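1. Just to be clear, the model below is a prediction. Sequence and coordinates:
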Amino acid sequence: MKNFIQPAVAVAALLLAGHAIAAPVTIDFEAYDVETDLTGVDLGGISLTRTNSDKVRVRDLVPEGNSTRSISGSPFSGSNFRADFADLVSSFSVELGDFSGDADEMFLNAYSPLDILIGSVSVTIGTGVEALETLSVSASGISYVVFGSTGPSFVGSVFADNIAFSTDVTIAPIPLPAGGLLLAGGIALLTVARRRKA
């Protein structure tokens with residue numbers, strides 16, 4: 001009987017416990033018309049705003065000679081991006097680019113639902129460099145992120161593209177009465193089968 005109890009307990013633990021799987025989402029702005037206002041629009045579990053009253057608009061920008069659509073605000077607005085999530089996320093990444101007029105410190109900060117900074121990354125892009133840099137953070141329970149740039153001039157004058165994030169989705173466990181009955185029935189059948197052999 002002892003040989004049957006350990007596997008039965010392992011099966012019961014799997015049946016009764018829920019588990020988490022990552023559900024990745026990527027947003028590329030190629031499908032949107034230039035000048036589309038995406039401020040506050042639900043883009044599939046994420047909404048974007050600016051840290052002042054500026055708008056989030058789709059632009060036709062050309063980083064490193066490759067035509068691509070991305071998002072930005074009004075030039076030289078001094079405003080950064082904020083992304084709020086419908087559900088808590090565990091990772092976030094964004095490509096940020098500069099207009100090359102000055103050196104910029106690109107940053108990405110992740111916050112908990114209690115407005116506590118739980119992840120941060122930054123990179124410096126020099127004057128005259130028009131490039132996309134990927135910034136990423138991973139932390140449990142990200143509620144929102146703020147990203148953009150700081151610098152001596154043209155603060156927030158950056159563009160963003162290829163936003164990606166993963167939510168932690170929990171699969172519901174089997175309800176206890178059903179799982180318990182299933183386990184009890186399996187053990188009873190194993191016991192009867194063992195007694196008949198003896």
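-> Thanks, I have it.
2. what about the strands in the protein?
-> Using DSSP state E, the strands of the chain run over 19-27, 46-50, 57-61, 68-72, 81-98, 104-111, 117-125, 132-150, 158-171.
3. Low-confidence ranges, the protein, go.
-> Within the chain, the set of residues satisfying pLDDT under 70 comprises 1-23, 62-67, 75-78, 99-102, 128-130, 151-156, 168-181, 197-198.
4. closest one to D37 among the strands of the chain?
-> D37 lies closest to strand 57-61 among the strands of the chain, at 5.8 Å (C-beta to C-beta). Every residue, glycine included, has its C-beta placed from N, CA and C.
5. show me what contacts S136?
-> Counting by C-beta atoms under 8 Å, 6 or more residues apart in numbering, S136 touches S91, F92, S93, L108, V121.
6. next one: V145
-> Contacts of V145 by C-beta under 8 Å, 6+ apart are R82, A83, F92, L108, N109, A110, Y111, V137.
7. so who does the third one touch?
-> What it means is F92. A83, L108, A110, S136, V137, I142, V145, I163, A164, F165.
8. Could you export those to a markdown table, including columns for distance to G186?
-> Below are the contacts of F92 laid out as a markdown table (distance: C-beta to C-beta, whole Å):
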| residue | distance to G186 |
| --- | --- |
| A83 | 47 |
| L108 | 50 |
| A110 | 44 |
| S136 | 45 |
| V137 | 44 |
| I142 | 40 |
| V145 | 46 |
| I163 | 47 |
| A164 | 42 |
| F165 | 40 |
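9. circling back: closest to R50 among the contacts of V145?
-> For the contacts of V145, the residue nearest R50 by C-beta to C-beta is R82; the value is 7.1 Å.
10. beta partners for that closest one?
-> T49, V146 (DSSP bridges).
11. What about it, how many residues nearby?
-> R82 has 18 neighbours, counted by other C-beta atoms under 10 Å.
12. surely it meets S143?
-> No. If you go by C-beta atoms under 8 Å, R82 and S143 don't touch, sitting 11.0 Å apart.
13. What distance do you get for the nearest residue to P113 once chain neighbours are set aside to A131?
-> Nearest non-adjacent residue to P113, counting by C-beta to C-beta, 6 or more residues apart in numbering: S143, 4.2 Å away. Taking C-beta to C-beta, to the nearest Å as the measure, S143 and A131 are separated by 30 Å.
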